[in-house]
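Chemist: sequence-free structure coming up:
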């Protein structure tokens, strides 16, 4: 007989003569008591971990912080790994928690600009050698291969924050991972750090599930890469892609990175592209790239365009900032039936100073609705 069976029969016998309501009440009380005990145990366990973490953090700061500040900002000389190894005040961390907390401390010191305001100069060479001496690169690369997905994702975040010092081969176990979030993050990080074929996954469309969050993260990575060397023309990737979200993102990046050489490609792509989303991005990017013939293209396309595309045409002209677009904007305001378009055009005309204000006054005199009267009253105030 098992222990459970023993106590079941024992308590069944003890409470055999009690009414059912009493049995139910006792059962509920026992459950609540058990939950209370479990909650208290969990509370004290979490509190213990918090106290332990705070003590460890304080210990790491006491041992390393002053030396880190001096080496990273006020040393004014390049220190090799051998120099750091000879420093008795910089013991190499052995435990995992020490490596994690030391990494956090180094990154915190690195991001604190108050030291530069006090006359310090950030020493990139010393920063890299510190990470090498403490074997923090090796630790975080090993964490990427962890079977715990949350650990692998955290390692990728830390490596991106550290910046540099990691080879693309370090991500080989993650770039094909079954977890979509980890896989995409690893591919973007690979793109940033690999020196042999960094654009491998971007040429392949990055991933089948490309979303807005991925756009923001990849945009940041492209900015970081562009600081070291100009990113290549994105036209090839657009041409090879079949996913409209990814194509639209790449077209928008052409405008952000001022890839003027892509203008002829974008004009031709607009003529053949079926996706409204991509066509909208093309219109806005042509404006960002200061393409003056966009005005003529807008005249040809506006009346037959869908509402989203009309909005992007107006936005493209706003980004173009050309006075040559004023006649078209005036005509469009008078012909459109959409209140949102009228508001957008009025906001644009306000950006053209006296000439724009003159057109606004002229249009206000022809206003035919309460909405337009309120719109011009606000714009001309």
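Modeler: Noted; the coordinates are in hand. None of the values given here were measured: they were computed from a predicted structure. Residues are numbered from 1 along each chain as shown.
Chemist: the stretch 251-381 of the chain: strands as residue ranges?
Modeler: Taking DSSP state E, counting those that start in this stretch to define them, one finds no strands in the stretch 251-381 of the chain.
Chemist: ranges for the helices of it?
Modeler: For the stretch 251-381 of the chain, the helices defined by DSSP state H, counting those that start in this stretch occupy 263-272, 276-288, 294-301, 307-320, 326-335, 339-350, 353-364, 370-379.
Chemist: as CSV, those helices with distance to residue 241 would be great.
Modeler: C-beta here means a position set from N, CA and C on the backbone, and glycine is covered the same way. Converted to CSV, the helices of the stretch 251-381 of the chain look like this (distance: least, C-beta to C-beta, whole Å):
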stretch, distance to residue 241
helix 263-272, 11
helix 276-288, 10
helix 294-301, 23
helix 307-320, 19
helix 326-335, 32
helix 339-350, 30
helix 353-364, 39
helix 370-379, 41
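Chemist: mean neighbour count, these: which tops it?
Modeler: Comparing these by mean neighbour count (mean count of other C-beta atoms under 10 Å), helix 276-288 comes out on top with a mean of 24.
Chemist: mean confidence (pLDDT) on it, please.
Modeler: Averaging pLDDT along helix 276-288 gives 94.
Chemist: just checking, what packs against that helix?
Modeler: Identification of packing neighbours for helix 276-288 by 3 or more C-beta pairs under 8 Å, 6 or more residues apart in numbering; DSSP states H and E yields helix 244-256, helix 263-272, helix 294-301, helix 307-320.
Chemist: mind running it again at 7 Å?
Modeler: In terms of contacts (3 or more C-beta pairs under 7 Å, 6 or more residues apart in numbering; DSSP states H and E), helix 276-288 is packed against helix 244-256, helix 263-272, helix 307-320.
Chemist: CSV for those, including distance to residue 290 and mean pLDDT?
Modeler: Below are those laid out as CSV (distance: least, C-beta to C-beta, whole Å; pLDDT from 0 to 100):
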stretch, distance to residue 290, mean pLDDT
helix 244-256, 10, 93
helix 263-272, 9, 93
helix 307-320, 6, 90
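Chemist: distance of residue 282 relative to residue 317?
Modeler: Counting by C-beta to C-beta, to the nearest Å, the gap from residue 282 to residue 317 is 14 Å.
Chemist: residue 298 and residue 318, how far apart?
Modeler: Residue 298 sits 11 Å away from residue 318, going by C-beta to C-beta.
Chemist: er, residue 82 actually
Modeler: The gap separating residue 82 from residue 318 is 58 Å, by C-beta to C-beta.
Chemist: ok, now which ones touch residue 152?
Modeler: The contact partners of residue 152, by C-beta atoms under 7 Å, 6 or more residues apart in numbering, come to 143-144, 146, 174, 182.
Chemist: spatially nearest residue to it (excluding sequence neighbours)?
Modeler: Distance criterion C-beta to C-beta, 6 or more residues apart in numbering; nearest residue to residue 152, sequence neighbours excluded, is residue 146 at 5.0 Å.
Chemist: and the residue nearest the centre of the chain, what is it in contact with?
Modeler: The centre of the chain sits closest to residue 217, judged by C-alpha atoms, centre = their mean, with a distance of 3.5 Å. If you count contacts by C-beta under 7 Å, 6+ apart, residue 217 has them with residue 188.
Chemist: give the next helix or strand downstream of the host helix or strand of it.
Modeler: Residue 217 is part of helix 212-228 when elements are defined by DSSP states H and E. The helix or strand immediately downstream of helix 212-228 is helix 235-240, counting by DSSP H and E.
Chemist: any buried residues in that next one, and which?
Modeler: For helix 235-240, a neighbour-count test (16 or more other C-beta atoms under 10 Å) marks 235, 237-238 as buried.
Chemist: who does that helix touch, helix- and strand-wise?
Modeler: helix 200-203, helix 244-256.
Chemist: return the residues in contact with residue 201.
Modeler: Counting by C-beta under 7 Å, 6+ apart, residue 201 touches 187, 190-191.
Chemist: again, but for residue 305
Modeler: The contact partners of residue 305, by C-beta under 7 Å, 6+ apart, come to residue 313.
Chemist: and it, how far from residue 297?
Modeler: From residue 305 over to residue 297 the distance is 11 Å, taken as C-beta to C-beta.
Chemist: kindly report the same for residue 60.
Modeler: To residue 297, residue 60 is 60 Å away according to C-beta to C-beta.
Chemist: sec struct for residue 166, please.
Modeler: coil (DSSP: H, G, I helix; E, B strand; the rest coil).
Chemist: what residues of stretch 183-195 count as buried?
Modeler: Using 16+ other C-beta under 10 Å as the test for burial, stretch 183-195 gives 183-194.
Chemist: again, but for stretch 33-50
Modeler: With burial defined by 16+ other C-beta under 10 Å, not one residue of stretch 33-50 is counted as buried.
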